[in-house]
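[1] Sequence and predicted structure are below.
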Amino acid sequence: MAALTFDQTKIAIADAADAIVTVLQNLSTKLRATDSPVVTSISPTSGPTGTGVSIVGTGFGTDGDGVFTSVTIGGALMSVTFHEDTSIAAIVPDGAVTGDIIVTRGPNASQPGFTFTVTA
């Protein structure tokens, strides 16, 4: 393979940088375009740490869509065991306190309104 000249190297680097910028812009647009998740119910509404909670709603996304989805209770991160666009199963973590269940997808979060009461 022939060696590239200095000018050819600069062009190759500039082309690669442009490609990276395009990928990042597309990802950013995808994240901004994502609708906020909406929680419509949780079950059960109380229990000790370690309890499995079923969360039903819309806009949760899917595992393979490239946008990260997380669930918290009172700010504590829950362990998600099942995830699809309209339902999530998650475990109440040790140390969690009573609080709202919030689903976050990309930069968007569901509104508070579904409280899980942590019992002893």
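    Thanks, I have the structure now.

[2] Residue 85: what's it in contact with?
    Applying C-beta atoms under 8 Å, 6 or more residues apart in numbering, we find residue 85 in contact with 58-62. (Glycine included, C-beta is placed from N, CA and C.)

[3] Return the member of those nearest to residue 116.
    residue 60 (16.9 Å; C-beta to C-beta).

[4] Thought residue 87 was touching the closest one, still the case?
    Yes - under the contact definition of C-beta atoms under 8 Å, residue 60 touches residue 87, with a separation of 7.3 Å.

[5] Mind checking which of these two has more residues around it?
    Under the neighbour definition other C-beta atoms under 10 Å, residue 60 and residue 87 were set side by side, and residue 60 has more, 22 against 14.

[6] Next, that one: secondary structure please.
    coil (DSSP: H, G, I helix; E, B strand; the rest coil).

[7] Distance check, residue 45 against residue 58.
    Residue 45 sits 20 Å away from residue 58, taking C-beta to C-beta, to the nearest Å as the criterion.

[8] could you pull out the strands for this protein?
    Assignment of strands within the chain using DSSP state E yields the ranges 38-43, 46-47, 52-58, 69-73, 76-77, 79-84, 87-91, 99-105, 108-109, 115-118.

[9] worst average pLDDT in the ones you listed?
    Averaged per stretch, pLDDT over the strands of the chain is lowest on strand 108-109, reaching a mean of 88.
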